[in-house]
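Trainee: Fold the following and give me the result.
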Amino acid sequence: MKPISILTASLIRRPRQSERKTHRFTGTLAAVTKVPSMSPQKQRMIGGDAIGIPPAHPGRFLDPQSDQPRVFEGRTQPPPPPGPDVVDQSKEFDYREVAKKLKQDYVHGTRDASIRHLDALHSLIKYLVKADPNLDEMLDQTARLVYTQFSIKEVSIALRSASDGRYRYVAEHGMRTDVWAAHNKISYTYDDINDTKKYKAVTISHHTKLYLAEDNPYGPDEGDTYSEHMMKQSKRKSAADSREGDYLDIFIYGPANETYGWIEISGTWDGKVPDAKAVRCLETISSVLGIAITRHNMASESEKASKTPEQPKKAEQTKK
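Mentor: The predicted structure is shown next:
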């Protein structure tokens, strides 16, 4: 390699701030010297830095403050600045951040649908803590929570009557007045709710059955419980879409697997069929209702037994 002459070396000057740029291949900061009168051959003789070629040591670049080369332990680029989640190891961690983070996550967790479902379940479980829970109040609360926390358009709950054993609707939320009045006029026997010819259903699980509008799962006395006009107008474009006339029954069982009743839900507010996570959580809610109904029945039987006068026992006369 030819030595650099004094005249050539005098043409080399320190690059200005505006003349520095990042090399497009290595990411290192390379200085570019503008020598318009110098031929390409002389530029190659001067060295790589003068024509924008990365320096011999890839970890070296010029400090914008001192214009001196800096080395970062073999890195081709300076270390990135610490992000918001990067902990500065040189400082002692503030333990109060643990409680702050948990509290913020807890408050903002209601934006998650699964958290809202757990909140609804927790609200109903608190009824079981009471010695004598109000069943009617709990049923109304259940219908309201399913409507609000699960984004269901219409919710109703049917239970078996202790007087005649027939199933009737006892609570609702989201229905129009006339639609709810039509539900109040209907009653079912155990054979009715298990009639697969009259009510064509798809069994999702032991607790849940799905009824689709295309199968027309309605009896002759249920015409006012839905809008036939909207059923004809609504179209299903995907497997997630819900139509007018779709509904799911989540059954409520007792300790001997007897059917206490069911929670009946339509599609969601945005026209979708409730997903599997929501269905599983609703099945858990139905089991909570099953516990409450069992306790209510036991309390009612105990109360009746206490009011029934005891029959005097006949004393046995023994003859000696």
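Trainee: Low-confidence bits of the stretch 1-150 of the chain, can you list those?
Mentor: For the stretch 1-150 of the chain, applying pLDDT under 70 flags the ranges 1-88.
Trainee: okay, now Thr294: neighbour count?
Mentor: Counted with other C-beta atoms under 10 Å, the burial measure for Thr294 works out to 16 neighbours. No exception for glycine: its C-beta is placed from N, CA and C like everyone else's.
Trainee: Could you measure from it over to Thr208?
Mentor: 20 Å (C-beta to C-beta, to the nearest Å).
Trainee: Please apply the same query to Lys153.
Mentor: Taking C-beta to C-beta, one finds Lys153 at 18 Å from Thr208.
Trainee: for Ile186, what are its contacts?
Mentor: 168-169, 221-222, 225 (C-beta atoms under 8 Å, 6 or more residues apart in numbering).
Trainee: go again using 7 Å as the cut-off
Mentor: Taking C-beta atoms under 7 Å, 6 or more residues apart in numbering, we find Ile186 in contact with 221-222.
Trainee: same thing with the one 3 residues further on?
Mentor: If you count contacts by C-beta under 7 Å, 6+ apart, Thr189 has them with Arg166.
Trainee: Return the backbone torsion pair for it.
Mentor: phi -90, psi 170 (degrees, to the nearest 10).
Trainee: please begin residue numbering at 38 from this point
Mentor: All right, first residue 38 from here; so that's Thr226.
Trainee: ok, it to Asp312 distance?
Mentor: 32 Å.
Trainee: what about Met268, neighbour count?
Mentor: 16.
Trainee: related to what we said a few turns ago, looking at Lys190 and Thr245 now, which is surrounded by more residues?
Mentor: Higher neighbour count among Lys190 and Thr245: Thr245, with 23 against 17, using other C-beta under 10 Å.
Trainee: wait, the more buried one sits on Glu320?
Mentor: Yes: using C-beta atoms under 7 Å, Thr245 makes contact with Glu320 at a distance of 6.3 Å.
Trainee: got any residues that touch both of the two?
Mentor: Taking C-beta under 7 Å, 6+ apart as the contact rule, Thr245 and Glu320 both touch Ile287.
Trainee: next helix or strand past the helix or strand where His159 lies?
Mentor: Following DSSP states H and E, one finds His159 within helix 150-166. Using DSSP H and E, the helix or strand that follows helix 150-166 towards the C-terminus is helix 172-186.
Trainee: Which secondary structure elements does that following helix sit against?
Mentor: Packed against helix 172-186, as judged by 3 or more C-beta pairs under 7 Å, 6 or more residues apart in numbering; DSSP states H and E, are the following elements: helix 150-166, strand 192-197, strand 204-210, helix 313-344.
Trainee: Export the ones you listed as JSON lines, with columns for distance to Thr305.
Mentor: Formatted as JSON lines, the helices and strands packed on helix 172-186 follow (distance: least, C-beta to C-beta, whole Å):
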{"stretch": "helix 150-166", "distance to Thr305": "10"}
{"stretch": "strand 192-197", "distance to Thr305": "11"}
{"stretch": "strand 204-210", "distance to Thr305": "14"}
{"stretch": "helix 313-344", "distance to Thr305": "8"}
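Trainee: Give me whichever of the ones you listed is most buried.
Mentor: The highest mean neighbour count among the helices and strands packed on helix 172-186, using mean count of other C-beta atoms under 10 Å, belongs to strand 192-197: a mean of 23.
Trainee: CA atoms only: put that strand into PDB for me.
Mentor: C-alpha atoms of strand 192-197 as PDB (Å, rounded to 0.1, in the frame of the first residue of the first chain):
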ATOM      1  CA  VAL A 192     -82.500 -13.800  29.700                       C
ATOM      2  CA  SER A 193     -85.100 -15.900  31.400                       C
ATOM      3  CA  ILE A 194     -85.200 -18.500  34.200                       C
ATOM      4  CA  ALA A 195     -87.700 -21.300  34.500                       C
ATOM      5  CA  LEU A 196     -88.200 -23.500  37.600                       C
ATOM      6  CA  ARG A 197     -90.300 -26.500  38.500                       C
END
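Trainee: what about the helices in this protein?
Mentor: Ranges of helices within the chain are 43-47, 77-83, 133-145, 150-166, 172-186, 214-221, 227-230, 265-270, 313-344, based on DSSP state H.
Trainee: Thank you, goodbye.
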